[in-house]
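> compute the structure for the input listed below.
(2 chains)
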Amino acid sequence: KNQVEQSPQSLIILEGKNCTLQCNYTVSPFSNLRWYKQDTGRGPVSLTIMTFSENTKSNGRYTATLDADTKQSSLHITASQLSDSASYICVVSALTGTYKYIFGTGTRLKVLA
Amino acid sequence: NAGVTQTPKFQVLKTGQSMTLQCAQDMNHEYMSWYRQDPGMGLRLIHYSVGAGITDQGEVPNGYNVSRSTTEDFPLRLLSAAPSQTSVYFCASRTRGGSDTQYFGPGTRLTVL
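The predicted model follows:
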């Protein structure tokens, strides 16, 4: 069964600190992995996308890594800001005729001043 | 570009009522999808369309209908609302390529009493 699991469920950090969010998946056949940021009351917004051959992808203070062998990904946030408070969703695409997206339940991050 | 727009933003229905959630995109995307987001669960695909006149079911299609008469619009119809359909609904669009970014609308929060 295709699954995407994220940890932790929630996280509280102080402004300026770094944090790392985890995503483990069992999706086959794997096509790509995306990280989305979802602010409260808004739709998800894409941060990064990685294909099988990519190990790391950065978008400003956000750096995503992918280990296709262990089927794990992480999203590292550097020097957190109050505006980073949001849910972060890991999404894995499977190529099954048409592309199928399997969504994780997200990690809710709160950054405190 | 307005991107993906959804109306209404909030809606309260009584059990048995019907309504249409509107979705429009101005990016000339071929692929459009409807998702629902429930607490503690990842986004789940309701219906999707790969082009005007072509629609197909996702993983939770029961109780919903869609049509795609133009590239821009992809309305979602609730035939007879039930409390189990209380959720936040997101419309999304993307181009044909599987690695392309999926753009989400701002969501419609629906409550069925």
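> near chain A, which residues of chain B show up?
When proximity is defined as CB under 8 Å from any CB of the partner chain, chain B approaches chain A at B:4, B:40-45, B:50, B:90, B:92, B:98-99, B:101-107. Backbone N, C-alpha and C define where each C-beta goes, glycine included.
> buried subset of those, written for ChimeraX?
Listed next is the ChimeraX selection for buried residues among these, using 16 or more other CB atoms under 10 Å in any protein chain shown:
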select /B:4,42,43,44,45,90,92,98,102,103,104,105,107
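> what helix or strand does the residue nearest the centre of chain B sit in?
For chain B, the residue nearest the mean C-alpha position is residue B:34 (2.9 Å; CA atoms, centre = their mean). Using DSSP states H and E, residue B:34 sits within strand B:31-37.
> same question for that strand: list its buried residues.
So strand B:31-37, judged by 16+ other CB under 10 Å, has buried residues B:31-37.
> what about the strands in chain B?
For chain B, applying DSSP state E gives strands covering B:4-7, B:10-13, B:19-25, B:31-37, B:44-51, B:54-57, B:64-66, B:76-78, B:87-94, B:103-104, B:108-112.
> possible to save those strands as a markdown table with mean pLDDT?
Shown next, in a markdown table, are the strands of chain B (pLDDT from 0 to 100):
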| stretch | mean pLDDT |
| --- | --- |
| strand B:4-7 | 96 |
| strand B:10-13 | 96 |
| strand B:19-25 | 97 |
| strand B:31-37 | 96 |
| strand B:44-51 | 94 |
| strand B:54-57 | 93 |
| strand B:64-66 | 97 |
| strand B:76-78 | 97 |
| strand B:87-94 | 96 |
| strand B:103-104 | 95 |
| strand B:108-112 | 97 |
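> can I get these in CSV including distance to residue A:111?
Shown next, in CSV, are the strands of chain B (distance: least, CB to CB, whole Å):
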stretch, distance to residue A:111
strand B:4-7, 27
strand B:10-13, 27
strand B:19-25, 32
strand B:31-37, 22
strand B:44-51, 28
strand B:54-57, 39
strand B:64-66, 37
strand B:76-78, 34
strand B:87-94, 23
strand B:103-104, 22
strand B:108-112, 25
